[in-house]
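Undergrad: Predicted model, plus sequence, below.
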Amino acid sequence: MIDKIERNRKNIERFSDCINTNDRALAEELIAPTAEFASLISKEKLYGGAGYLSVVEFMRRSFSDIHWEIVDTAIEADKVAVSWICSGTHDGEFMGAAPTGKKFAFSCMNFYYFNDEGKIINDVAAKGLIGLLEDLGMAGAPQSD
């Protein structure tokens with residue numbers, strides 16, 4: 001079991017590199033092709049590394065400098081909980097909103113489930129997108145400049 005925990009620790013660090021560099025080869029290596037993901041950007045389910053990175057690419061079109069930083073992890077043999085800080089600048093249209101040039105940083109939490117080969121088979125995101133929308137003044141309390 002310790003071997004799986006260490007493997008998952010390394011794979012989640014590599015996954016962080018994958019999403020921060022939009023590395024398609026690494027995504028295909030780390031994410032099972034049958035892994036199914038729900039997303040705000042598609043009514044259809046997304047699958048595998050290419051599906052996951054399509055969400056990253058969507059975010060990069062709105063926030064060209066977007067970056068995910070691992071803050072903390074809790075790791076088991078078949079899952080990893082990751083607390084992230086996501087930051088960037090709103091420099092492209094996002095969900096119909098014109099670029100504001102505003103910087104943002106918000107916390108989010110994801111739970112990644114792994115198969116026996118160490119590939120991600122599911123990603124369950126805790127509520128985090130609302131932090132982005134609040135920083136951009138698109139939801140919640142008005143923001144001061």
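TA: On my side now, so go ahead.

Undergrad: low-confidence ranges in the chain?
TA: 1-2, 126-131, 133-134, 139-145 (pLDDT under 70).

Undergrad: quick one, strands of it?
TA: Secondary structure of the chain (DSSP state E): strands located at 36-39, 42-47, 67-75, 79-89, 103-114, 120-125.

Undergrad: how much does the longest helix seen in the chain deviate in direction from strand 103-114?
TA: Criterion DSSP state H: the longest helix present in the chain is helix 2-21. Orientation check (axes from the mean of the first three to the mean of the last three CA atoms, to 10 degrees): helix 2-21 against strand 103-114 gives 140 degrees.

Undergrad: chain center to helix 2-21, what's the gap?
TA: How far helix 2-21 lies from its chain's middle: 13 Å, per CA atoms, centre = their mean, to the nearest Å.

Undergrad: contacting residues around that helix?
TA: 23, 26-27, 30, 52-53, 56, 67-70, 73, 75-80, 82, 112, 114, 118, 120 (CB atoms under 8 Å, 6 or more residues apart in numbering). In this view, the C-beta of every residue, glycine as well, is placed from N, C-alpha and C.
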